[in-house]
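**Student:** below is the structure, and that's it, no one-letter string:
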């Protein structure tokens, strides 16, 4: 051991000579390591902390803006185990739309069909999560009775999970409810043309229209919104508009005996224009009005046209809709093709005007038309309790529940993309 010790110590003089050359290199490596550790600590401490267990801030399913999907292109898949989002006993369901209570033969089968877009899915919205995420929010459905169809569907879905509801109507609303626990308000504002309109009769003193031979009709002020929703824009955080069915309604606005007569800036449009031109004028002015009067940050949707399914004639010509299952793709084209110019061509005609007028408007398009074209089986038909088959409105529960799945999926995408 002593020999080994003396042998080891005998090397010390040589190591001492080498140390001055090695020490600067060792110091440099040590300094670089310490600097790297400190930099890592500083970077980690500067990262913002993420909220945990926050239901409001977690993105709901279907809210990924990076995911692109054409929800309008797909097929209806039968799922025998599917169940409705709410019961047909929901009191807000209009009697004529309650196809289960009305004993429609396929009334209970309607919700067993699920819309499956190509390459993706439409998430079924969770009503509890929706109420949490959209706490302190007011949602306004503005349009004709088909928007009421959609409004009732959403109300009944939410009512199933939250019973503390107060009936309350914001200014101009036809129907309205607030879910008190969450302060979420839903309201429906009825308006057929979006613009203000009313009966017009010729003036004994004459005028532009009188000189052209008009004696009566309906005056439509293309630049003035209907009173039922004009004041609602300052209240609602989310808006869903629609119009279309009444623009091509000869039984209401007879082109000869009671035509639509358009006014702008208080004066008749001269020369008078046809309804399709007047429609474009109304859309232009209503979009301008919405953008000017809406709440800052409000999210705005325009729903595309809901298709009708009259076969064998129009509603006043003995037309009916007695199918028990969704249409096949070739049947859809036969019924709705613009080339065929059939009874139900209205939907695609209206959409042509909507897409043109809403370009770069800032309003998000909620496209429900094509997926609804398949569902000739989902109208009240004879169970609607009318003198004629109702092949325009939809049974509840029914297809408008799918509309709301799609609406809330797109709403989440918009909401979380803007944060």
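**Tutor:** Sure, I can see it. Keep in mind the model is a prediction, meaning the values are calculated, not measured.
**Student:** every contact and neighbour count from this point should use C-alpha atoms.
**Tutor:** Fine.
**Student:** now the phi/psi pair for the nearest residue to residue 236 once chain neighbours are set aside, please.
**Tutor:** In space, and not counting its chain neighbours, residue 236 is closest to residue 138: 4.8 Å by C-alpha to C-alpha, 6 or more residues apart in numbering. Phi and psi for residue 138, reported as degrees, to the nearest 10, are phi -120, psi 130.
**Student:** again, but for residue 350
**Tutor:** phi -60, psi -40.
**Student:** okay, the closest residue to it other than its chain neighbours: pLDDT?
**Tutor:** Sequence neighbours aside, residue 244 is the residue nearest to residue 350 in space, at 6.0 Å (criterion: C-alpha to C-alpha, 6+ apart). Per-residue confidence (pLDDT) for residue 244: 93.
**Student:** what's the answer for residue 248, then?
**Tutor:** In this model, residue 248 is scored at 82, pLDDT.
**Student:** quick one: contacts for the nearest residue to it once chain neighbours are set aside?
**Tutor:** Nearest residue to residue 248, sequence neighbours excluded (C-alpha to C-alpha, 6+ apart): residue 346, at 7.0 Å. Applying C-alpha atoms under 8 Å, 6 or more residues apart in numbering to residue 346 gives the contacts 245, 248, 307.
**Student:** what sits up against stretch 236-248?
**Tutor:** The contact list for stretch 236-248 (C-alpha under 8 Å, 6+ apart) reads 137-144, 147, 191-194, 252, 275-276, 279, 295, 297-305, 346-347, 350.
**Student:** that older thread, now the contacts of residue 346 in TSV, with neighbour count, secondary structure and distance to residue 399?
**Tutor:** Listed next are the contacts of residue 346 as TSV, based on neighbours: other C-alpha atoms under 10 Å; DSSP: H, G, I helix; E, B strand; the rest coil; distance: C-alpha to C-alpha, whole Å:
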residue	neighbour count	secondary structure	distance to residue 399
245	20	helix	18
248	17	helix	23
307	25	coil	12
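**Student:** which one among the residues you listed gets closest to residue 99?
**Tutor:** Lowest distance from residue 99 to the contacts of residue 346 (C-alpha to C-alpha) belongs to residue 307, with 18.4 Å.
**Student:** how far away is the residue lying closest to that closest one once chain neighbours are set aside from residue 335?
**Tutor:** Distances taken as C-alpha to C-alpha, 6+ apart place residue 347 nearest to residue 307, at 5.2 Å, with adjacent residues excluded. Distance from residue 347 to residue 335, counting by C-alpha to C-alpha, to the nearest Å: 11 Å.
**Student:** just to revisit the earlier point, show me what contacts the residue nearest to residue 236?
**Tutor:** 184, 185, 186, 187, 235, 236, 237, 238.
**Student:** ok, which stretches of the stretch 101-250 of the chain are strands?
**Tutor:** Along the stretch 101-250 of the chain, counting by DSSP state E, counting those that start in this stretch, strands occupy 113-117, 138-143, 165-167, 175-179, 184-190, 195-201, 216-225, 238-241.
**Student:** okay, and the beta partners of the residue nearest to residue 236?
**Tutor:** Counting by DSSP bridges, residue 138 is bridged to residue 185.
**Student:** what score does it have for pLDDT?
**Tutor:** Here the pLDDT value assigned to residue 138 is 98.
**Student:** next one: residue 70
**Tutor:** 89.
**Student:** I'd say it and residue 116 touch.
**Tutor:** No - taking contacts as C-alpha atoms under 8 Å, residue 70 lies outside contact range of residue 116: 10.7 Å.
**Student:** those two: which has the busier surroundings?
**Tutor:** Taking other C-alpha atoms under 10 Å, residue 70 and residue 116 do not tie; residue 116 has more neighbours (18 against 12).
**Student:** okay, the more buried one and residue 163: tell me how far apart.
**Tutor:** Plainly put, residue 116 is 31 Å away from residue 163 if you go by C-alpha to C-alpha.
**Student:** for the stretch 251-400 of the chain, just list every one of the helices.
**Tutor:** 275-293, 329-336, 346-358, 369-373, 399-417 (DSSP state H, counting those that start in this stretch).
**Student:** present those helices as JSON lines; the columns should include distance to residue 226.
**Tutor:** Formatted as JSON lines, these follow (distance: least, C-alpha to C-alpha, whole Å):
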{"stretch": "helix 275-293", "distance to residue 226": "10"}
{"stretch": "helix 329-336", "distance to residue 226": "30"}
{"stretch": "helix 346-358", "distance to residue 226": "19"}
{"stretch": "helix 369-373", "distance to residue 226": "25"}
{"stretch": "helix 399-417", "distance to residue 226": "24"}
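**Student:** who wins for proximity to residue 260 among those helices?
**Tutor:** Per C-alpha to C-alpha, nearest to residue 260 of the helices of the stretch 251-400 of the chain: helix 275-293, 6.8 Å.
**Student:** okay, buried residues for the closest one please.
**Tutor:** Neighbour-count burial for helix 275-293 flags 275, 278-286, 289-291 (criterion: 16 or more other C-alpha atoms under 10 Å).
**Student:** same check on stretch 130-139?
**Tutor:** So for stretch 130-139, counting by 16+ other C-alpha under 10 Å, buried means 130, 131, 132, 133, 134, 135, 136, 137, 138, 139.
**Student:** and the furthest pair within the residues you listed?
**Tutor:** 132 and 139 (14.3 Å).
**Student:** and residue 377, what does it touch?
**Tutor:** 110, 321, 322, 323, 324, 325, 326 are the contacts of residue 377 under C-alpha under 8 Å, 6+ apart.
**Student:** can you flag the buried ones in the residues you listed?
**Tutor:** 110, 321, 322, 323, 325, 326.
**Student:** now the two most distant members of the residues you listed.
**Tutor:** 110 and 321 (14.2 Å).
**Student:** in the stretch 51-200 of the chain, where is pLDDT below threshold?
**Tutor:** For the stretch 51-200 of the chain, applying pLDDT under 70 flags the ranges 51-67.
**Student:** helices of that one, start to end?
**Tutor:** 127-133, 145-159.
**Student:** any idea which of the ones you listed is most buried?
**Tutor:** When those are scored by mean count of other C-alpha atoms under 10 Å, the highest mean neighbour count falls to helix 145-159 (a mean of 23).
**Student:** from residue 358, how far off is the closest residue to residue 223 other than its chain neighbours?
**Tutor:** Counting by C-alpha to C-alpha, 6+ apart, residue 285 is the residue found nearest to residue 223 once chain neighbours are left out, at 5.2 Å. Distance of residue 285 to residue 358, computed by C-alpha to C-alpha: 11 Å.
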